[in-house]
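Next comes the sequence, and after it the predicted model I'd like to discuss.
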Amino acid sequence: MKSILIVVAALAGSVAQAQTQPVPLPDELRTLIQQANANYPVLKQQDQLIRAGELRIDIARTALRPSVNLNGNYTYITPVPQVTFPINGQEATLKLAPNNNINGNVGIGQTIYDFGRTEAAVRQATDNVQVLRRTYELTQQTLGYQVAAAYYGVGFLQKSLAVQDSVIKTAGANVRLLATRLQNGDALEYDVLTQAVRVKVATNRRIEIQNQLERQLALLTYLTGIPNPNVSEAVNQFNAGLAAAGVPAAGTPVQPLDLSGDVQGILAGNKDVQLAQDRLRAAETDILVNKRAGQPSIAFSGTAGFKNGYPLEVEKPRANMAAGINIVVPLYAGNRYNLQNQAAHLNLNASRYALETANAQLRQSIAQLNADIRSNQTRLQNLETQVLQARKALDIANARLRNGVITNVELQSAETGLEEAELGQLNFQYQLLLNRLELKRLLGESLQ
């Protein structure tokens, strides 16, 4: 039963000193991954966050664009300053300010130069969007591998059910054979009962596997958003592999990744490392933003409209215009800018340590996977001999049973030995496949 090696080869090929080359996936698995990418709520949420972040980039750019406002103001004042003087023998009153103050205008403001503050803000918003995009890529990659693991888990459990059905069928046939021998006086009722108990135990084990299968299908439904995901070909990945897709023959070994040389280029594809690098760049930009926060700014302002209050007819609105240049130079802000800069440097140091941690964890994970691959591959090879021996032992036991020269204990031992050997072999095949999937994920390779 070397078909798992075909599956593993199809997923990754051989990895030694370079990254693996992309290979075909089962069509229905590719479809499931596409459905998951389209329906998974977390991806939809992160997509909306990316769109919001892109809008924030445009918002930051608007700081260098003009702003136009329509302004209006009315104020009633009483009393107002006025002067009384005689004209032609009569007293006349001259108001120096109107009671009804009206001012309406269109105002325009335009930043001329802000010494790089807007540029830094745009860069900061761009870096934040890159972090969001990398998070989206990481979620999408993790989702794809979760779907693949669940898909192959379905195939593994379906194959396990087939093995268990074979055990139940064999044990049931032995029950009938021993029942016949009991009637002929060649067996004990205890022998029949013992074999019947074995059938029940095997049946309970099948129920447990069926429950695990249903749980895997429920996981696929959650990941893909499809009530009844198509997994009709999953078991075939363990039966016949992907030979039709031009995959190398069975028995092709899975090579662990050699970490003794310079593999930084290979490990750089890891999504967690890339996310840590993006966060480091964002932290560097935060320092730039804080440095430029206290810079001066030069801006133009102007208004055009109507207002009253002009002597000698203070109540009459008249057209008016104003224009000027505003220069703002921050002198003191309570040490705020210095404290913000210190906090930004601390965040930068934390981001550097996070990147180191991500690289160290990646190497540790790959080293552990290498150990698991070597261990599972060796045990799988050893189990092939054990399965062959167990099958021959059961054949001999069945022949001796038909001839009436075997005890029930010997028969049960032979059946149990084959069952454990076949299920153990299948389990190591599945574990080896999961190891290979995890290694591809750590290397940042896509399943699409």
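Good, I have the coordinates.

Quick check, Asn39 in contact with Thr221.
No: assessed by CB atoms under 8 Å, Asn39 is found out of contact with Thr221, at 10.2 Å. To be clear about C-beta, it is placed using only N, CA and C from the backbone, and glycine gets the same treatment.

got a list of what Gln183 touches?
Contacts for Gln183 (CB atoms under 8 Å, 6 or more residues apart in numbering) come out as none.

Check Leu362 too.
Taking CB under 8 Å, 6+ apart as the test, what Leu362 contacts is 267, 270, 272-273, 442.

Adding neighbour count, write the residues you listed out as JSON lines.
Output for these, formatted as JSON lines (neighbours: other CB atoms under 10 Å):
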{"residue": "Leu267", "neighbour count": "20"}
{"residue": "Asn270", "neighbour count": "23"}
{"residue": "Asp272", "neighbour count": "22"}
{"residue": "Val273", "neighbour count": "19"}
{"residue": "Leu442", "neighbour count": "23"}
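
Let's see the pLDDT reported for the closest residue in space to Gln295 that isn't next to it in sequence.
Using CB to CB, 6 or more residues apart in numbering and skipping residues adjacent in sequence, the residue nearest Gln295 is Phe115, 3.8 Å away. Looking at Phe115, its pLDDT reads 92.

One more: Asn88?
As predicted, Asn88 sits at a pLDDT of 77.

The one 10 residues further on too?
Among the per-residue scores, Pro98 shows a pLDDT of 90.

Go ahead and confirm it touches Pro317.
No: between Pro98 and Pro317 there is no contact under CB under 8 Å: 9.7 Å.

When those two are compared, which one has more neighbours?
Pro98 (20 against 17; other CB atoms under 10 Å).

Checking that one next. Helix, strand or coil?
When classified by DSSP: H, G, I helix; E, B strand; the rest coil, Pro98 comes out as coil.

One more: Val83?
Val83 - assigned by three-state DSSP - is strand.

tell me the contacts of it?
Counted by CB under 8 Å, 6+ apart, Val83 has contacts 93-94, 96.

residue boundaries of the strands in the stretch 301-448 of the chain?
318-328 (DSSP state E, counting those that start in this stretch).

Low-confidence regions, it specifically.
Scanning the stretch 301-448 of the chain for pLDDT under 70 picks out 407-409, 448.

quick one: the helices in it?
Ranges of helices within the stretch 301-448 of the chain are 336-403, 408-442, based on DSSP state H, counting those that start in this stretch.

Overlap of the contact sets of Pro98 and Pro317?
In contact with both Pro98 and Pro317: Asn308, using CB under 8 Å, 6+ apart.

Would you mind putting the contacts of Leu362 into a markdown table with secondary structure alongside?
Supplementary listing: the contacts of Leu362 in a markdown table, determined by three-state DSSP:
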| residue | secondary structure |
| --- | --- |
| Leu267 | helix |
| Asn270 | coil |
| Asp272 | helix |
| Val273 | helix |
| Leu442 | helix |
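
pLDDT check: weakest of the residues you listed?
The lowest pLDDT within the contacts of Leu362 belongs to Leu267, with 82.

Not counting residues beside it along the chain, what's closest to it?
With CB to CB, 6+ apart as the criterion, Leu267 has its nearest non-adjacent residue at 5.7 Å, and that residue is Leu362.

Which one of the contacts of Leu362 is nearest to Val201?
Among those, Leu442 lies closest to Val201 (CB to CB), at 39.5 Å.

What's the separation between the closest one and Gly153?
Distance, Leu442 to Gly153, using CB to CB, to the nearest Å: 19 Å.

Please name the residues that touch the most centrally placed residue in the chain.
Geometric centre of the chain, nearest residue: Thr139, 1.1 Å, by CA atoms, centre = their mean. Applying CB under 8 Å, 6+ apart to Thr139 gives the contacts 40, 42-43, 46.

picking that back up, right, so of the helices of the stretch 301-448 of the chain, which gets closest to Ala187?
helix 408-442 (7.9 Å).

Cool, thanks, signing off.
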